[in-house]
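> curious how this folds, go ahead:
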Amino acid sequence: MPPRIFAASNIAGRVLTVAATTDIILNPGEVIITFDDGPRPGKTPAILDTLDQFGVKATFLMLGASAQAHPEIARMVATRGHSVGSHTFEHVDLTTLSRQAAYAEITRGEQAVSDALRGAGNGLAPFFRFPYLAQDGFLRTALMGGDMVVLDVDIDSKDYYKDTPAVVAQRTLDRLDARGSGVILFHDIHQRTVDMLPEFLSELAARGYSVVHLEPSKPGVFGRPVITADRETNANQF
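As a prediction, this is how the structure comes out:
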């Protein structure tokens, strides 16, 4: 494990403002906490309460369909100061689609999350994560060329496995200790994640880690030159 470079009371770390994926550079002992696939009633609000208790901010990569179904929870995430990005509309493996269909799925997800956040004060950040972490070089390059910040994963908690909360927490801590820093992937749709989070954050503090808050340097996503599904394309490309 890393040296105890932070006191337990200082688990909230710096704000890291990024304009590109390559700007996400962490120091030893720093983590970024992310949650995919929400928002989910009964789960996301409880996770927000725990994050508030520890004074830390996370990044939520929301599904458009989930945000559309639960806009009040999506707004709750934003109004509590967390960053909100997108994760497609229906959690489709984009590598199984044509390029045009993949763009449509991405932009539909963005639009749905943006609509759900309307009135929250903080709008949709240009953060995106590929479902299943499945991507190809063309899609990744196209999105990053359109000023999207693609969020990769350094430590996968695998909280989607049917393990106990203690097992999820220990697995994540072991992987984090081995690496020393990184972007952690959780999902705000599982009760085991809700249950393990308080002890996990307590242990982060005890081990000297700090939680970095990721923010975009450019608010909003729809003013950028992102590739869209309805652009003119060569049919032979698909």
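> hey, where'd the helices end up in the chain?
Under the criterion DSSP state H, the chain contains helices at 44-54, 64-69, 71-79, 99-116, 137-145, 165-179, 191-206.
> got these as TSV, with mean pLDDT and distance to residue 87 columns?
Where C-beta positions appear, they are placed from N, C-alpha and C, glycine not excepted. Rendered in TSV, the data for these read as follows (pLDDT from 0 to 100; distance: least, CB to CB, whole Å):
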stretch	mean pLDDT	distance to residue 87
helix 44-54	97	14
helix 64-69	98	8
helix 71-79	97	12
helix 99-116	96	7
helix 137-145	90	13
helix 165-179	97	20
helix 191-206	97	16
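> just give me the neighbour total for residue 31.
24 (other CB atoms under 10 Å).
> that one bridge partners, please.
Taking DSSP bridges, one obtains residue 182, residue 211 as the residues bridged to residue 31.
> then the one 5 residues further on?
The residues listed as beta-bridge partners of residue 36 by DSSP bridges are residue 61, residue 187.
> isn't it right up against residue 184?
No - Residue 36 is not in contact with residue 184 according to CB atoms under 8 Å; the separation is 11.1 Å.
> kindly tell me how buried residue 92 is, as a neighbour count.
When counting by other CB under 10 Å, one arrives at 17 neighbours for residue 92.
> my read is that it contacts residue 105, right?
Yes - under the criterion of CB under 8 Å, residue 92 is in contact with residue 105, at a separation of 5.4 Å.
> residues near residue 80, how many?
In terms of burial, residue 80 registers 16 neighbours under the definition other CB under 10 Å.
> which non-adjacent residue is nearest it?
Counting by CB to CB, 6 or more residues apart in numbering, residue 80 lies nearest to residue 48, which is 5.5 Å off, once chain neighbours are set aside.
> ok, now which ones touch that neighbour?
If a contact means CB atoms under 8 Å, 6 or more residues apart in numbering, then residue 48 has 76, 77, 80, 82 as its contacts.
> quick one: the third one from residue 64, how far?
Applying CB to CB, to the nearest Å, the value for residue 80 to residue 64 is 21 Å.
> now the last one
Computed with CB to CB, the distance linking residue 82 and residue 64 is 18 Å.
> now do residue 24
If you measure residue 24 against residue 64 using CB to CB, the figure is 23 Å.
> which of those two has more neighbours?
Ranked by neighbour count (other CB under 10 Å), residue 24 and residue 64 place residue 64 first, with 25 against 18.
> the more buried one is in contact with residue 110, isn't it?
Yes - in this structure, residue 64 is within contact of residue 110 by CB under 8 Å, at 7.2 Å.
> anything in contact with each of those two?
Taking CB under 8 Å, 6+ apart as the contact criterion, the residues that touch both residue 64 and residue 110 are residue 86.
> who are the contact partners of residue 130?
Under the criterion of CB under 8 Å, 6+ apart, the contact partners of residue 130 comprise 94, 139, 140, 150.
> columns distance to residue 114 and neighbour count on top of those, output as a markdown table?
Below are the contacts of residue 130 laid out as a markdown table (distance: CB to CB, whole Å; neighbours: other CB atoms under 10 Å):
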| residue | distance to residue 114 | neighbour count |
| --- | --- | --- |
| 94 | 19 | 20 |
| 139 | 20 | 20 |
| 140 | 22 | 16 |
| 150 | 18 | 19 |
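> endpoints of stretch 56-73, how far apart?
The straight-line separation of the ends of stretch 56-73 (CA to CA, to the nearest Å) is 18 Å.
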